[in-house]
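*Asks:* with the sequence up front, the predicted model follows.
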Amino acid sequence: MAAALMAILAICGADWAFAQGMPSPFVQEVLVKSILVTLSDAVASDNFTVLNAKISKPFRDQFPPEKLRAIFKELIDKHAVFDAVVASPIVSDEDARIDEKGVLRLKGHFETTPKQVKYQLGFIPADGTWKLSSVSIDIE
């Protein structure tokens, strides 16, 4: 089961991202788990309003709740529940990095059962914090 959503944004917040430096592993874990639990709740309730409110403004403008629902329809149809990630440790598949556009890139998975949850997330600096700018999730 796979769902993916990628937003390609020209971000002028790259200077802020580089000035802030790499967030700590703890902050990275909070970012990942917070977004994935919010996505799991959106899928379970078939309501993407809260997820939409938590993402970066350019991403939010491009993907209103109804468009997010359409993108993640496969997860809704299969009644995917992956909130167990909260209790599971993150397994990084690649080192966290801030790319040339200032996007924080996090890629990894959770050893959840019966299916493994894999993610690729992008975050951009906004309002003094990191906001979601891209998401790809696989549940297999």
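*Replies:* Everything's here; your move. Numbers count the residues shown, from 1 in each chain.
*Asks:* shaky segments in this protein?
*Replies:* For the chain, the stretches with pLDDT under 70 are 1-20.
*Asks:* longest single helix anywhere in the protein?
*Replies:* Determined from DSSP state H, the single longest helix within the chain is helix 25-45.
*Asks:* what residues sit buried inside that one?
*Replies:* Neighbour-count burial for helix 25-45 flags 28, 29, 31, 32, 33, 35, 36, 38, 39, 40, 42, 43 (criterion: 16 or more other CB atoms under 10 Å). All C-beta spots, glycine's among them, are computed from the backbone N, C-alpha and C.
*Asks:* can I assume the last one is in contact with residue 74?
*Replies:* No. Here residue 43 lies out of contact with residue 74, judged by CB atoms under 8 Å, at a distance of 9.6 Å.
*Asks:* next, please give the residue ranges for the helices of this protein.
*Replies:* Under the criterion DSSP H, helices of the chain are mapped to 14-20, 25-45, 49-54, 57-62, 65-71, 73-77.
*Asks:* check which helices and strands the fourth one sits against.
*Replies:* Identification of packing neighbours for helix 57-62 by 3 or more CB pairs under 8 Å, 6 or more residues apart in numbering; DSSP states H and E yields strand 129-139.
*Asks:* wait, what's in contact with residue 35?
*Replies:* Contacts for residue 35 (CB atoms under 8 Å, 6 or more residues apart in numbering) come out as 51, 54, 121, 132, 135.
*Asks:* distance of the nearest residue to the second one once chain neighbours are set aside from residue 119?
*Replies:* With sequence-adjacent residues excluded and distances taken as CB to CB, 6 or more residues apart in numbering, residue 54 is closest to residue 38, at 5.8 Å. Counting by CB to CB, to the nearest Å, the gap from residue 38 to residue 119 is 13 Å.
*Asks:* now residue 131
*Replies:* Residue 131 is 16 Å from residue 119, where distance means CB to CB.
*Asks:* then residue 127?
*Replies:* The gap separating residue 127 from residue 119 is 23 Å, by CB to CB.
*Asks:* of the two, who's got more company?
*Replies:* residue 119 (22 against 8; other CB atoms under 10 Å).
*Asks:* who is the more buried one paired with across the strands?
*Replies:* residue 108, residue 137 (DSSP bridges).
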